[in-house]
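> Can you look at this prediction? I've put the sequence above it.
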Amino acid sequence: MIESALWSTALCLTLININSMKKIILFLFASLSVISSFAQNDNTIHGYISDAKSGEALPGSTVINARTHKAVSSNNYGYYSISDVNIGDTLAVQFIGYRTAIVVKEKLSRVDVKLYPIDHSIAEVTVLSKSVFKTELAAPRMSHHHLTTKDISHSFSIFGSADALKSLQLLPGVNASADGGTNLSVRGGSFDQNMILLDEAPIYNPAHSMGLFSAMNTDAVSYMDFYKGAAPAKYGGKLSSVIDMRMKEGNNQEFHANGSIGIIESRLLFEGPIVKNKSSFMLSARHGYGDGIIKFLDFIDYENGHAKDILRFSDYCAKANWILDEKNKLFVSGYYSKDRFKCTIISQDNNQQWGNATGTVRWNHIYDDNNFANLTATFSRYNYLQRQDEDIRRFDWKSAMSEFALKYDIDRYTSSNHHLTYGAKFEYHNFQPGELAPRGNSAMIPVKFKSKNLAVLGAYLGDELSLDNGVNLNMGLHATIASTIGNNGKTYVCAEPRIAASYKLTDNISLKGSYAHTVQYQHLMNNSALGLPTDIWAPSDDRIKPQQADAVSLGIHSVVPEGSIFAGTELSLEGYAKLMHSIIDFKDGTNFTMNEHLEDNLLAGRGRAAGLEAMIKKSGKRYSFQTSYTLSSAQRKINGVNKGNWYYAVYDQRHNVVVNGQFVINKKWTASANFQYHTGGRTTMPITLFYAYGTILKVFTERNGYRMPDYHRLDLSMTYNFRGNEGRRFKHQLEFAIYNVYGRKNAYSMFVRGNRQDFTQFQGYKLFLYSTVPSVTWKFTF
């Protein structure tokens, strides 16, 4: 019944023919871009918005003209430009958690605004958040979440450490791949369909310790933009979502440090000015001594356990920036991570190592009042090593992928309620699927698979505009030419149009809708929902077509007005439908180990997903509360799989409920709680077995025909602020946390294993990682 209702909703959302939708978007986009004014406007104020105490940029700040009620937001670098401002006009500059700044228009057009954080005034933060949210109601952005470091720190993660990527699991439409896992399924998409960026450089494996931790140190993250619908036109190349994280720039006023020491990991961040008010730096390091985690894990173990197991990781971030002059800024950042993993249950002699490395160089330039440009060069690399130490077949198995990209972006603010964004990019990808290198007196034969290369040339144009009738639009087109170089090479030309619209019914209620067509040229060769370091990526060629998707969303957003006990409560309800094409899966029985011709086992087909998402947020003087609910379905249909019939995706979770809250007890103690429930995921399991022709044969369910047990857990934490923190430079606190309070043994995976004494007997097993996990973490800042 529920599934029928979901697909009926999906049908209603997609009544408009997709091809017609694309033509309408392209026509409107071209027409509105032509009529937009490109003349420079003298009545313009522009500049940067930053934190007065640290000098950090404040992207997403709101600037409102009190006379015209026109509002603009600062871009990713804190830059803003607002036109139609007369001399004497009053502007209000706002950002959640900061005091409002008032700017009066004078002769100067350049005004840099510094905002001061609000200290010891939660009530004032709440009022400001309502004001900013009302401005956000009118914005033509849908299915978008902007998370600051403070937002991320409110999330609950295992072992007492806040986690940037796992904080997204608190949002509707987002499913985790497994208990405690980092890989995300967003609105029915697979985890490889998420674009994860760190300072604009892609991260291909976002997990430490097989998914127990995300690969990014949350302390080094300034903010994160998460798009699960129609993303701005500058983003392209992934089907499901965009996760755009930016590192902190570093304090350009004074030196600071913060860190933590826990039972599983420790972290440290140091920042300060190179030249005060002109340049700054940020350095961070995190180390996970996770061998101790094995004592908490409840792997099925039948041969002495975890004495030789290894679970270690580390990551490092560095960033520096320089204000060259009033119109130019330079940013340089880098990231490096490394993991070591060994599990004796999987193999007694198998060691795995993997890591990410990125580098970013960016140059900001202000051409004039209306034009802001950014030139970016990025490099990203992911490598994997599997070392087999057995005497007879000692070898190293290596694989890697890397990417170099060059982008040029321009923000143009015109005099007629238009904010144009346009730019171009070039990407070069190298895929090294595998190399086997024997070690010592090994019996193994050297093997090296052919590398593959992909070149992508793209351009985009976006336009955000406000109409007089209360309608706001954000239209864009991202076009690319992608060519695989070498054997099986092929060139594809694809366009990714998108449109989002909002209509303000009242001051407190807005209707929103969006459509996006997305294309993906990179494919993950994987037969699991978990995401493993052994996963192999491959580009589109003459055998693998680009994946494509058409997604439609409709929703209503509201904030409860003043005068009610629920005043300031944020409410949202969104429905979505997604059709996917050229989705890949593998033939039954495919060998994934050291298979150079893995693509020969690929099959392509269609996918569909639909869902309904609801979220409620409320902040008070001493508390914050958020709850979300998702009703969803995700299916695939691929000829040659499941007899050509529709089957459920492994991450299909019908119901998903999250409740998260914080309460300030007094100046010393703060309590938080997190509860999560979702329907169990899907897997394929044998339903019977029989003996024939001297062997045992298994009969399986249909593809992903077995639903795993439902998942639920409760987490609690208490934070103690030590006496004397107020007004002192050195501040510290202790966090006591319990993950999975009532010890629910949630399934990580399920499998069948034969009996060692009687091979005709099989037993089903549920593999779970942990039940109740307590932790203590000491955090400090100075």
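Great, that's in hand. Residues are numbered from 1 along each chain as shown.

> Only C-alpha atoms from now on, for both contacts and neighbour counts.
Will do.

> I am assuming D535 contacts M525, so please confirm or correct that.
Yes: using CA atoms under 8 Å, D535 is in contact with M525, at 6.0 Å.

> More neighbours: which of those two?
Set D535 next to M525 and count neighbours by other CA atoms under 10 Å: M525 wins out with 19 against 16.

> Now do the same contact list for L137.
Going by CA atoms under 8 Å, 6 or more residues apart in numbering, L137 touches K504, N508, I509, S510, H557, S558.

> Doesn't it lie inside a helix?
Yes: looking at L137 with DSSP: H, G, I helix; E, B strand; the rest coil, it is inside a helix.

> can you pull the pLDDT of it?
L137 is assigned 75 on the pLDDT scale.

> Any idea what L268 is bridged to?
G259, A285 (DSSP bridges).

> Next, work out how far apart it and N258 are.
6 Å (CA to CA, to the nearest Å).

> what does L454 give?
Taken as CA to CA, the span from L454 to N258 is 41 Å.

> which neighbours do D535 and M525 share?
In contact with both D535 and M525: no residue, using CA under 8 Å, 6+ apart.

> Can you check which strand is longest in the chain?
Criterion DSSP state E: the longest strand present in the chain is strand 418-438.

> what's the following helix or strand after it?
strand 447-448 (DSSP states H and E).

> Just checking: what are the partner strands of that next one?
strand 418-438 (antiparallel).

> Quick check on I96: phi, psi?
phi -60, psi 130 (degrees, to the nearest 10).

> neighbours around the residue nearest to K637 when sequence neighbours are not counted, how many?
What sits nearest to K637 in space, not counting adjacent residues and going by CA to CA, 6 or more residues apart in numbering, is W646, at 4.5 Å. Neighbourhood size, W646 [other CA under 10 Å]: 18.

> F751 too?
13.

> what do you get for T484?
Around T484 there are 22 residues (other CA under 10 Å).

> mind listing what the residue nearest in space to the middle of the chain touches?
Against the mean C-alpha coordinate of the chain, by CA atoms, centre = their mean, the closest residue is I243 at 3.2 Å. Shown in contact with I243 (CA under 8 Å, 6+ apart): N194, M195, I196, L197, M224, D225, F226, Y227.

> which of those lies closest to S582?
N194 (16.6 Å; CA to CA).

> Just the pLDDT for the closest one.
At N194, the pLDDT recorded in the model is 93.

> How much space separates the nearest residue to it once chain neighbours are set aside from L198?
In this structure, N194 finds its nearest non-sequential neighbour in S241, 4.8 Å apart by CA to CA, 6+ apart. Here S241 is placed at a distance of 14 Å from L198 (CA to CA).

> burial count for the spatially closest residue to R622 that is not a sequence neighbour?
Computed as CA to CA, 6+ apart, the closest residue to R622 that is not its neighbour in sequence is V664, at 5.1 Å. V664 has 16 neighbouring residues, counting by other CA under 10 Å.

> ok so, going back, residues contacting the residue nearest to K637?
Q635, R636, K637, I638.

> Most neighbours among these, please name it.
Ranked by neighbours (other CA under 10 Å), those are led by R636, which has 26 neighbours.

> so which strand or helix has that residue?
strand 623-638.

> Just checking, which helix or strand succeeds that strand along the chain?
Counting by DSSP H and E, what follows strand 623-638 is strand 647-648.

> what does that following strand rub up against?
S633, A634, Q635, R636, K637, R682, E702, R703, N704, G705.

> Name the nearest of those relative to F722.
Out of those, the member with the shortest distance to F722 (by CA to CA) is R682, at 46.3 Å.

> gap between the closest one and R187?
16 Å.

> Give the rounded mean pLDDT of the strand holding R636.
Averaging pLDDT residue by residue across strand 623-638 gives 92.

> Using CSV, write out every CA atom in that strand.
Extracted C-alpha coordinates of strand 623-638, given in CSV (Å, rounded to 0.1, in the frame of the first residue of the first chain):
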residue,chain,number,x,y,z
TYR,A,623,17.8,23.8,23.9
SER,A,624,17.8,22.7,20.2
PHE,A,625,15.8,20.0,18.7
GLN,A,626,15.6,18.4,15.2
THR,A,627,13.6,15.4,13.9
SER,A,628,13.2,14.0,10.4
TYR,A,629,11.2,11.3,8.7
THR,A,630,11.7,9.8,5.3
LEU,A,631,9.4,7.4,3.4
SER,A,632,11.2,6.1,0.3
SER,A,633,11.8,3.3,-2.2
ALA,A,634,14.7,2.6,-4.6
GLN,A,635,14.6,0.0,-7.4
ARG,A,636,16.7,-1.2,-10.4
LYS,A,637,15.8,-3.0,-13.6
ILE,A,638,18.7,-4.5,-15.6
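
> same for it, what does it pack against?
helix 2-13, strand 602-619, strand 647-648, strand 655-664 (3 or more CA pairs under 8 Å, 6 or more residues apart in numbering; DSSP states H and E).

> Serialize these to TSV and add fields for mean pLDDT and distance to P232.
Shown next, in TSV, are those (pLDDT from 0 to 100; distance: least, CA to CA, whole Å):
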stretch	mean pLDDT	distance to P232
helix 2-13	47	21
strand 602-619	91	21
strand 647-648	90	30
strand 655-664	91	27
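
> can you redo these as JSON lines with distance to L385?
Shown next, in JSON lines, are these (distance: least, CA to CA, whole Å):
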{"stretch": "helix 2-13", "distance to L385": "43"}
{"stretch": "strand 602-619", "distance to L385": "25"}
{"stretch": "strand 647-648", "distance to L385": "33"}
{"stretch": "strand 655-664", "distance to L385": "36"}
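
> of all the ones you listed, which lies closest to Y367?
By CA to CA (comparing all of the helices and strands packed on strand 623-638), the closest turns out to be strand 602-619, at 40.3 Å.

> Okay, buried residues for the strand holding R636 please.
623-638 (16 or more other CA atoms under 10 Å).

> Point out where the stretch 351-500 of the chain drops to low pLDDT.
390-391, 415-416, 487 (pLDDT under 70).

> Give me the distance between the nearest residue to T62 once chain neighbours are set aside and A138.
Distance criterion CA to CA, 6+ apart; nearest residue to T62, sequence neighbours excluded, is S73 at 4.6 Å. When distance is defined by CA to CA, S73 is 12 Å away from A138.

> neighbour count winner among those two?
A138 (27 against 22).

> quick revisit: which ones are touching the residue nearest to T62?
P59, G60, S61, T62, V63, Y80.

> Would you check that F372 makes contact with Y408?
No: using CA under 8 Å as the test, F372 is too far from Y408 to be in contact (10.9 Å).

> on that earlier part again, mind checking which of L454 and N258 has more residues around it?
Using other CA under 10 Å as the criterion, L454 and N258 rank with L454 on top: 24 against 18.

> what's downstream of the host helix or strand of that one, the next helix or strand?
Using DSSP H and E, the element containing L454 is strand 452-466. Using DSSP H and E, the helix or strand that follows strand 452-466 in sequence is strand 471-485.

> Would you indicate which residues of the helix or strand following that following strand are buried?
Toward the C-terminus, strand 471-485 is succeeded by strand 491-504 as the next helix or strand (DSSP H and E). Judged by neighbour count (16+ other CA under 10 Å), strand 491-504 contains these buried residues: 491-492, 494-504.

> Now do the next helix or strand after strand 491-504: which elements does it pack against?
Per DSSP H and E, strand 491-504 leads on to strand 509-520 as the next helix or strand towards the C-terminus. Contacts defined by 3+ CA pairs under 8 Å, 6+ apart place strand 509-520 against helix 122-138, strand 491-504, strand 547-559.

> Buried ones in strand 509-520, by neighbour count?
Under 16+ other CA under 10 Å, the buried positions of strand 509-520 are I509, S510, L511, K512, G513, S514, Y515, A516, H517, T518, V519, Q520.

> what about the helix or strand just after that strand, average pLDDT?
Per DSSP H and E, strand 509-520 leads on to strand 522-525 as the next helix or strand towards the C-terminus. Strand 522-525 shows a mean pLDDT of 85.

> Can you show me the CA trace of strand 522-525 as PDB?
What follows is strand 522-525, C-alpha atoms only, in PDB (Å, rounded to 0.1, in the frame of the first residue of the first chain):
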ATOM      1  CA  GLN A 522      33.000   7.800 -13.600                       C
ATOM      2  CA  HIS A 523      31.700   4.400 -12.400                       C
ATOM      3  CA  LEU A 524      32.500   2.400  -9.300                       C
ATOM      4  CA  MET A 525      33.100  -1.300  -9.900                       C
END
